[in-house]
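A.B. asks: One predicted model, sequence on top.
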Amino acid sequence: MLKNGKKLMLLLLALSLSAGTFAGCNNTVKRDPLPGYESTDSAAQSNGGFVVKKDNWYYFINGVEDYTADNTFGKVVKGSLMRISEENLAKGAYTEADIVLPELVVAQDFTSGIFIYGDYVYYASPNRNKNIEGQVETSYLDFRRAKLDGSETMNGYYVQLSDNTTAYRYVEEEGTVYLLYVDSAKSEIHSLNTQTGTDTVLVSGYTAYSFDTDVTSPYVYYTMPVAKKLTYPNTSNESYNQLYRVSASATEEDAAKLDLSDGYVDKDKKEGDEGYMMEYVNCGQLVLDGIGTAYDPTPFNLDYKEGVAMNSEQGYTYSLVKVTDGRIYLSVTNLGESSAAFVYAFDSADIGENWNSITANPNLAGASEGALQPIAASTTNATSSALYYTEGEDQYYIYLDSNNVIQRVKVGTGKDFVGEKVALANQQSGASLLYLEGDYLYFSNSGTNGKALYRINYKGATQEDYQNFPNELDEDYTPTKYLALDYNSSWYAPEVVDGYLFFANAESYADSYVYVLENPEDNDTLKVLNDHYEEVQDAFTDISGKFSDASNAAKYYFYTGDKDILDEEEHKSEYNAEDFEVFDAFVEGKSSHGFTFDFKDDADKAYNVQSYFYNVLGKVTDDDAETIADSLTADLLLTAEEE
């Protein structure tokens, strides 16, 4: 049993950990600056992912590390923040990289990574301080920043949270960086001003929320219930709800001034008592109000006035589907007309001075009147996992249907709002749509140790582009797999940045470090790469039919590029002359024992090594390097027993 004094100390510590804000922000850890960094006003590319490019540098999280790992500042390699120059990446000097932050950049929200604004990188890291019991509370998450040249790192934090799965974004508005984060336990959305340290509760009591897939967007959309009059403190809500948006820069001054003195007080308490009046925290802007003619107005119906046109008797309910690049997709149910939820969309930019949250509603279920564009007659296909985009005035979405076909829909008019449907890829059971990049749809499917990666050009003009009869199908319009690549499905999805594909490699002998490959410009080029890869893999199978030991030794060479390994005394005695002949032929691209190994591309470059296809990026810890080397040796080489 703890003594009372110790109990109090632990309680105070717990409170400081769970709600700590702006602790030690002026206290920094200083190190010698890394060479070559120049301060500019240019914006970062791919901001908010696990790889971000700023000027001539790529900043990346160095592999998948557990949040419980040792986070002693200065000792961290795996899971640290590293950088590599554009020049070194282009010439293949993949290990010529610097550690910018020798601490874990490990949060469990894998939709949000590192953010670069100005000369600083903003991130989250597991707490590294010990509690009174001498234990490191690694489940707590510290939010802070550091200089891009590594010379200064916050020793404290902007805020420390007790849930390391907290959803967050660092965003910038008018030169100020804000940390947006969600306290799901309290149904609160917060914004912390990193300049002043002010932590503002933007909303409390939301039903659901959605960040933009553009993780630098300062807006958050959310739905709110509408409290019935005369039901507080055992509050019940109206059947309809409301949709709001809030900006990271909003303050309490932006909240609507609501008079809740009539019908939202606890009659068993006196004015001035705590809890006398219902608390309503909402700094956002009302976007859609579901009130219908059957309801009496409340203080929450901000755009209501006598004579305002309401398009429904029983009102509306809204459910967010997705927010993508400033366009909001939501399902709307007109309670007076239908129990079906229709999917609509509108642009964030449409919300101006003349926007009215009541008249913006559609007239009838699925009707196009009002400020919303109909997208689909139901949420069967137009879901949060679908990908949405526009081209000019045309709206499209891509989804995986119940028959495992990846479909592209051009939104039109009519009962189902399908103007045109094109089947992009058949037989894609288990596929997950990742993102659109350039002309390509990237998607994943089951792999060996993680997820396999595919892509297909999604911009074919008609269905004929995706049919291979009677003509041979264009490779660009075929689902094309990236080699036998396996990426870690419990981490960030692969990212395409500036012509490179970065991924956490879940294959054997990779230990989930970040790998990089030059992203082929089209699927024809990717197919050539695949053909080379498969040719090498087939060679292993062919060799193993007669020379299984030589086949494994050839695999060892493929992974390591070490052609002299069999000459080492501990291995040399275990192989016969034929094994050496086959191994040497594989390495040198010659013929032996009926095998012809011609592994040269059009540029006369050998592709019988993994490094031809992709490479580990950054630094591997000494322990991991030793473990990988030992595994390769144990799995693929014959070794003489020690006497």
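C.D. replies: Received it, and whenever you're ready, just let me know what you need. Numbers count the residues shown, from 1 in each chain.

A.B. asks: residues of the strand ranked longest in the chain that come out buried?
C.D. replies: Determined from DSSP state E, the single longest strand within the chain is strand 237-247. Neighbour-count burial for strand 237-247 flags Glu238, Ser239, Tyr240, Asn241, Gln242, Leu243, Tyr244, Arg245, Val246, Ser247 (criterion: 16 or more other C-beta atoms under 10 Å). For glycine as for every other residue, the C-beta is placed from the backbone atoms N, C-alpha and C.

A.B. asks: ok, the third one - contacts?
C.D. replies: Pointing back at Tyr240 there. Val226, Gly290, Ile291, Gly292, Tyr295, Gln314, Gly315, Tyr316, Thr317, Leu335 (C-beta atoms under 8 Å, 6 or more residues apart in numbering).

A.B. asks: centre of the chain versus the longest strand of the chain, how much separation?
C.D. replies: Averaging C-alpha positions (C-alpha atoms, centre = their mean, to the nearest Å) puts strand 237-247 27 Å from its chain's average.

A.B. asks: Repeat that for stretch 569-585.
C.D. replies: Put simply, stretch 569-585 sits 47 Å off its chain's centre (C-alpha atoms, centre = their mean).

A.B. asks: What strands line up against the longest strand of the chain, and which way round?
C.D. replies: Sheet pairing of strand 237-247 (DSSP bridges) gives strand 219-227 (antiparallel), strand 285-289 (antiparallel).

A.B. asks: Of those, which stretch is the most buried?
C.D. replies: Of those, the one with the most neighbours on average (mean count of other C-beta atoms under 10 Å) is strand 285-289, at a mean of 24.

A.B. asks: send the alpha carbons of it over as CSV?
C.D. replies: The C-alpha coordinates for strand 285-289 follow below in CSV (Å, rounded to 0.1, in the frame of the first residue of the first chain):
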residue,chain,number,x,y,z
GLN,A,285,-18.5,27.6,-38.1
LEU,A,286,-21.9,26.1,-38.7
VAL,A,287,-21.9,24.6,-42.3
LEU,A,288,-25.1,22.6,-42.5
ASP,A,289,-28.1,22.7,-40.1
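
A.B. asks: which residues touch that strand?
C.D. replies: With contact meaning C-beta under 8 Å, 6+ apart, strand 285-289 is reached by 221, 242-246, 256, 301-304, 316, 318, 351, 355, 357-358, 360-361.

A.B. asks: pLDDT weak spots in this structure?
C.D. replies: Flagging of the chain using pLDDT under 70 yields the residue ranges 1-26, 365-369, 468-473, 642-643.

A.B. asks: how about 80 then?
C.D. replies: 1-26, 338-339, 364-369, 468-473, 642-643 (pLDDT under 80).

A.B. asks: Could you work out the most separated pair of the buried residues of strand 237-247?
C.D. replies: Ser239 and Ser247 (29.1 Å; C-beta to C-beta).

A.B. asks: Distance-wise, check the residue nearest the centre of the chain relative to Gly48.
C.D. replies: In the chain, the centroid-proximal residue (C-alpha atoms, centre = their mean) is Thr111; its distance is 2.7 Å. Applying C-beta to C-beta, to the nearest Å, the value for Thr111 to Gly48 is 8 Å.

A.B. asks: what touches both of these two?
C.D. replies: Common neighbours of Thr111 and Gly48 (criterion: C-beta under 8 Å, 6+ apart): Val215.

A.B. asks: So which of the contacts of Tyr240 is the closest to Lys91?
C.D. replies: Thr317 (57.1 Å).

A.B. asks: bridging residues for that closest one?
C.D. replies: Residues in a beta bridge with Thr317, per DSSP bridges, are Thr333.

A.B. asks: ditto for the one 10 residues further on
C.D. replies: In this entry, Arg327 is beta-bridged to Thr324, Asp347, by DSSP bridges.

A.B. asks: Over to Asn193?
C.D. replies: Applying DSSP bridges, one finds that Asn193 bridges with Tyr178.

A.B. asks: for it, what are its contacts?
C.D. replies: So, once contact is read as C-beta under 8 Å, 6+ apart, Asn193 ends up touching Thr176, Tyr178, Asp199, Thr200.

A.B. asks: And the first one, how close does it get to Lys451?
C.D. replies: To tie it back to what came earlier, the one meant is Thr176. The gap separating Thr176 from Lys451 is 38 Å, by C-beta to C-beta.

A.B. asks: and Asn445, that's in a helix?
C.D. replies: No: judged by DSSP: H, G, I helix; E, B strand; the rest coil, Asn445 forms no part of a helix; its state is strand.
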